[in-house]
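# Can you look at this prediction? I've put the sequence above it.
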Amino acid sequence: MDDIAISVKGVSTLFNLNRDKSMGIKEYVIKALQRKLYYDAFWALKDVSFEVRKGEVMGIMGLNGSGKSTLLKLIAGVFKPTEGTIEVRGEIAPLLELGSGFDYEFSARENVYMNGAMFGHSPAYMKTMYESIMDFAELWDFEDVPLKNLSSGMAARLGFSIATNVSPDILIIDEVLGVGDYRFSQKCETRIGELLSGGATVLLVSHNIATIQTLCTRALLLRGGQLVAMGAVDEVCAVYAQS
């Protein structure tokens, strides 16, 4: 078990979806007090089990709504599963959504230090990493510009650079490689290779079959919240292509 970075056992996640989405806050509170709120149960994940070995790049595939992002958020500790257990060994750097953890009123420089604090790093440590972060993101001309004035691609470059320059044990990437130009995507692939050579584990969600085939050592496929295929990348990609 010493070589296992992530262990997911019998994980299920239930969301209660409010049937009436047109209510204002006042009406919602009144109905809640009167116990007249009605929900539909939705299982985003159902009895999912798998393990990821240290140093692996595990591709996670599935159509929209299949439970991919929910699974990543559970592993990252954003919320807990309704059933089952998740065990993670190592420091996680999650890139779950473009710009997640950023304050768009703050400058790129300020967001570097704020994001570093979210990962548990001190300002002194982030100061030592700042130059390499900005070099990779190629944002020196915009370091004191509020993030709201930058493009989505620039924000993606900054987020990826922060997460990968702090040398995490486990890197979680949710579609971030699909944002930005071709040259940036190539830089990301190179950086992931560097992390792997240092023993990092990567979870990568992508709809791009070519990206999964290029970067991943194994893959799994979710469909309707259930694990329907896992194993060799080409085999899982072939099943996904028929979805």
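The structure has been received and is ready for your questions.
# Out of the helices and strands in this structure, which is least certain?
helix 25-33 (a mean of 61; mean pLDDT, DSSP states H and E).
# what sits against the residue nearest the centre of the chain?
Centroid check for the chain by C-alpha atoms, centre = their mean gives residue 96 as the closest residue, at 2.8 Å. The contact partners of residue 96, taken as C-beta atoms under 8 Å, 6 or more residues apart in numbering, are 69, 72, 73, 76, 78, 172, 174. The C-beta positions use only the backbone N, C-alpha and C, and glycine is treated the same way.
# ok, for the first one, nearest residue in space, not its chain neighbours?
Nearest in space to residue 69, with sequence neighbours left out and distances taken as C-beta to C-beta, 6 or more residues apart in numbering, is residue 174 at 5.7 Å.
# partner residues bridging the one you found?
Beta bridges link residue 174 to residue 205 when assigned by DSSP bridges.
# residues contacting it?
Here residue 174 is in contact with 68, 69, 72, 95, 96, 97, 205 (C-beta under 8 Å, 6+ apart).
# hmm, 10 Å instead?
For residue 174, the contacting residues are 60, 68-69, 71-73, 76, 94-98, 100, 203-206, by C-beta atoms under 10 Å, 6 or more residues apart in numbering.
# for residue 77, same thing?
Contacts of residue 77 (C-beta under 10 Å, 6+ apart): 86, 88, 92, 94.
# Which positions in the helix or strand that comes right after the least confident helix or strand of the chain come out as buried?
Once the chain leaves helix 25-33, the next helix or strand it forms, by DSSP states H and E, is strand 39-53. By 16 or more other C-beta atoms under 10 Å, the buried positions in strand 39-53 come out as 43, 44, 45, 46, 48, 50, 51, 52.
# Equivalent analysis for stretch 142-153, please.
142, 143, 147, 150.
# Report the contact partners of the last one.
Shown here is residue 150, whose contacts under the criterion C-beta under 10 Å, 6+ apart are 99, 104, 107, 108, 139, 142, 157, 158.
# Just give me the neighbour total for residue 192.
Neighbour count of residue 192, defined by other C-beta atoms under 10 Å: 22.
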